[in-house]
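Asker: Prediction below, plus the sequence it came from.
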Amino acid sequence: MIEYLLLLLLPVAVYFGWWLARAIERRSSGKRKRLFSDQYFQGLNYLLNEQPDKAIQVFLELAEVNQETVETHMALGNLFRRRGEVDRAIRFHQNIIAKHGLKPEQRTQALLELGEDYMRAGLLDRAERLFSELIETDAHTPSALRSLLDIYQQEKDWDKALEQAQRLEQVSGEHMGGVMAQFSCEMAEAALADIDPERARRHLRHARRHDPRCLRARFLLADIAMQAGEPGNAVELYEEIAELDSDYVPELLDDYLDAAGAAGEEERSRQKLDEWAERYNGISLTLKLTEFIARDQGGDAAGQYLVDRLASKPSVRGLDRLIELKAGSHFDAESSEDILKAMTTRLLSRQPQYRCHHCGFSGQTHHWLCPSCRNWSTTKRIQGVLGE
């Protein structure tokens with residue numbers, strides 16, 4: 001009978017033992033969680049009270065207790081890096097890397113962050129070695145390649161920068177042609193500085209293969225053509241640039257006219273200027289055409305042309321030239337007064353009248369409370385050429 005009772009009580013005892021063990025584990029876990037919570041909020045309190053050293057120590061101790069704080073450590077390290085406290089960021093990320101039992105992706109991410117810390121600190125050699133090791137192990141290769149590319153750009157090591165850009169394009173599928181063309185142009189400029197135009201041309205051919213629309217390569221080729229006594233080639237290159245992007249007309253205008261004059265293509269260049277004037281909205285081309293008209297047809301015709309152009313495209317530089325022509329009595333005074341008044345009115349209407357001295361917010365209306373930074377009595381009238 002007693003043996004039978006013992007057999008019945010055995011499952012009950014096993015269940016009770018299991019329940020008791022769970023209860024103890026929950027109590028212990030709850031205690032650890034309370035400890036983690038207390039330390040976590042203590043660390044946050046130190047941060048809020050601008051006691052970063054104490055906060056660092058608390059969070060370092062937290063990592064010893066719970067490995068799941070790795071992400072918190074990396075976030076804090078990034079925060080210190082953005083604040084310019086690079087030494088503290090390095091300490092955080094080095095501490096993460098020193099931990100055993102991290103997941104491979106966590107260790108790799110910490111190494112990437114440490115590399116960024118080294119870059120911010122100006123320790124480019126350390127950062128370069130770290131990113132190179134990551135690339136060799138194929139860990140986070142695109143991120144490491146981008147950082148390594150940035151380092152080589154800072155060091156002006158264009159050969160290595162070009163190599164890394166090519167690898168990045170292969171790995172990520174990101175189009176790097178425009179960037180690689182710029183690296184080739186940098187090497188071409190170095191070759192020109194060494195008086196080696198043939199090597200420069202070779203680099204520029206590579207640049208145009210990387211980016212068929214590369215404008216910088218065309219500018220450099222035009223310079224080489226002029227030095228080689230080939231102004232006709234330079235004229236064609238400058239015209240290609242203007243067709244590809246008319247915003248570069250002011251940059252090429254004087255050199256283009258010099259090349260056209262050397263090639264005996266003055267009439268062709270004048271026709272091109274008239275064509276470009278229909279598409280380009282800037283004032284440089286208008287002022288250049290005004291010069292030609294003044295030379296060929298006289299000041300009155302030049303003044304009238306400028307008045308007509310400025311009526312639709314107001315410009316301070318154009319206004320300055322208009323006043324100069326008016327002083328020489330080269331065109332009708334009444335029409336010039338109208339256009340001068342219209343231009344100054346339009347220019348002033350676009351200018352803000354008030355600016356906050358705290359944050360720089362500007363507008364047409366006075367505010368006692370700045371709408372941007374929410375400071376009182378910081379918005380005042382702007383003084384200067386276009387203000388008071």
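Answerer: Received the coordinates, thanks. Numbering: from 1, shown residues only.

Asker: Residue 362: what's it in contact with?
Answerer: When contacts are counted by Cβ atoms under 8 Å, 6 or more residues apart in numbering, residue 362 touches 352, 354-356, 382. To be clear about C-beta, it is placed using only N, CA and C from the backbone, and glycine gets the same treatment.

Asker: Now, those that are in strands?
Answerer: 354-356 (DSSP state E).

Asker: Those residues into a markdown table, with extra columns for neighbour count?
Answerer: Converted to a markdown table, the ones in strands among the contacts of residue 362 look like this (neighbours: other Cβ atoms under 10 Å):
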| residue | neighbour count |
| --- | --- |
| 354 | 17 |
| 355 | 19 |
| 356 | 18 |
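
Asker: What is the subsequent helix or strand relative to the helix or strand where residue 259 lies?
Answerer: Assessed by DSSP states H and E, residue 259 sits inside helix 249-262. Downstream of helix 249-262, the first helix or strand assigned by DSSP H and E is helix 266-279.

Asker: helices or strands up against that next one?
Answerer: helix 231-244, helix 249-262, helix 284-297 (3 or more Cβ pairs under 8 Å, 6 or more residues apart in numbering; DSSP states H and E).

Asker: residues making contact with it?
Answerer: So helix 266-279 is contacted by 235, 239, 242, 246, 249, 256-257, 260-261, 285-286, 288-289, 292 (Cβ under 8 Å, 6+ apart).

Asker: in that helix, what counts as buried?
Answerer: For helix 266-279, the neighbour count (16 or more other Cβ atoms under 10 Å) marks 269, 272-273, 276-277 as buried.

Asker: swap in stretch 279-294?
Answerer: 280, 282-290, 292-294.

Asker: Please apply the same query to stretch 213-220.
Answerer: 214-220.

Asker: hang on, the earlier thing: just give me the closest of the ones in strands among the contacts of residue 362 to residue 205.
Answerer: Lowest distance from residue 205 to the ones in strands among the contacts of residue 362 (Cβ to Cβ) belongs to residue 355, with 50.5 Å.

Asker: doesn't residue 378 make contact with that closest one?
Answerer: No: applying Cβ atoms under 8 Å as the test, residue 355 and residue 378 come out as separate, 9.2 Å apart.

Asker: List the buried residues of stretch 309-323.
Answerer: Buried residues in stretch 309-323 (16+ other Cβ under 10 Å): 309-310, 314-315, 318-319, 321-322.

Asker: Among the residues you listed, which are located in strands?
Answerer: Using DSSP E, none of the buried residues of stretch 309-323 sit in strands.

Asker: Keep only those of those that are in helices.
Answerer: Taking DSSP state H as the definition of helices, the buried residues of stretch 309-323 contribute 309-310, 318-319, 321-322.

Asker: Which members of those are the farthest-apart pair?
Answerer: Among these, 309 and 319 lie farthest apart (Cβ to Cβ), at 11.7 Å.

Asker: what's the burial count for residue 234?
Answerer: By other Cβ atoms under 10 Å, 27 other residues sit near residue 234.

Asker: OK, contacts around it?
Answerer: Contacts of residue 234 (Cβ under 8 Å, 6+ apart): 222-223, 225-226, 255-256, 259, 263.
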